[in-house]
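Engineer: Structure, please.
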Amino acid sequence: MRTIVCFGDSNTWGHDPASGERFPADVRWPGVLQAELGSAYRVIEEGQCGRTTVWDDPIEGQRNGKDYLMPCLESHRPLDLVIVMLGTNDLKMRFSVSAEDIAKGAAVLAAAARASTCGPDAGPPEVLLVAPPIVKGLTEYAEMFEGAEQKSHRLAGHYRAMAELHGCYFLDAGSVVEPSPLDGVHLEASEHLKLGMVLAERVQKIFGASPEANAVA
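Structural biologist: Numbering: from 1, shown residues only. Predicted coordinates for the structure are as follows:
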């Protein structure tokens, strides 16, 4: 059995933009991924609302992905694949960081996983670095994410470059899904389904061919 950790924020946790509650497990994209991959895989959800890549949140606190990543991976080892989809919260005005620096923050996590002994036979797990969905049509989060929309469109190019640099696989979630018009940030159930299906295809491709054939594709 192959084990996959999905390390992300509220769009991995499953925040419903309509109700503010959590989507059921089978609706969230990690649940879709599990259903598509079947019993040969174990998919572990590790989503936290507000999680950043490497930044300490002065308001919400306890949201730094870098601080939790290695304890998380150690607790679930051995792992075959770590899917990292973070960066949306880094777009908040309070952090004032560039799209390039957000990608570099995500790359810190990818590099840490790739340098770890959390994979099979105490080797490194594979890493799939996912550029997060774009932010657009902001409503209730407009002030919090001021200036984020244009910046979010630049993330994918930087994430691709970081994936290539660190020997990771890459996927641009913004080419697959769009945020809900209700808040401009979170995914609706239909988008979770799309993302889970595409990621399932990607995972099957990763484990069916050599990394050289699939990296940054």
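Engineer: right, and residue 159 touches residue 168 too?
Structural biologist: No: in this structure residue 159 lies outside contact range of residue 168 using C-beta atoms under 8 Å: 9.4 Å. Every C-beta, even on glycine, is put in place using the N, C-alpha and C of the backbone.
Engineer: Compare those two and say which is more crowded by neighbours.
Structural biologist: Neighbours were tallied for residue 159 and for residue 168 using other C-beta atoms under 10 Å; the higher tally belongs to residue 159 (31 against 26).
Engineer: mind listing what's buried in the host helix or strand of the more buried one?
Structural biologist: In this assignment (DSSP states H and E), residue 159 forms part of helix 155-166. Under the neighbour-count criterion of 16 or more other C-beta atoms under 10 Å, helix 155-166 has 155, 156, 158, 159, 160, 161, 162, 163, 166 buried.
Engineer: hmm, back to that, anything in contact with each of residue 159 and residue 168?
Structural biologist: Here residue 159 and residue 168 share the contacting residues residue 129, scored by C-beta atoms under 8 Å, 6 or more residues apart in numbering.
Engineer: now the buried residues of helix 155-166 as a markdown table including distance to residue 53?
Structural biologist: Output for the buried residues of helix 155-166, formatted as a markdown table (distance: C-beta to C-beta, whole Å):
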| residue | distance to residue 53 |
| --- | --- |
| 155 | 11 |
| 156 | 15 |
| 158 | 12 |
| 159 | 11 |
| 160 | 16 |
| 161 | 15 |
| 162 | 11 |
| 163 | 14 |
| 166 | 14 |
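Engineer: And those, which is closest to residue 173?
Structural biologist: Checking the buried residues of helix 155-166 against residue 173 by C-beta to C-beta gives residue 156 as the nearest, at 8.5 Å.
Engineer: Quick check: closest non-adjacent residue to the residue of the chain most remote from its centre.
Structural biologist: Taking C-alpha atoms, centre = their mean, the residue of the chain most remote from its mean C-alpha position is residue 121, at 25.2 Å. Nearest residue to residue 121, sequence neighbours excluded (C-beta to C-beta, 6 or more residues apart in numbering): residue 78, at 7.6 Å.
Engineer: Buried residues in the helix or strand harbouring residue 201, which are they?
Structural biologist: Assigned by DSSP H and E, residue 201 belongs to helix 189-206. By neighbour count with 16+ other C-beta under 10 Å, helix 189-206 contains the buried residues 189, 191-200, 202-203, 206.
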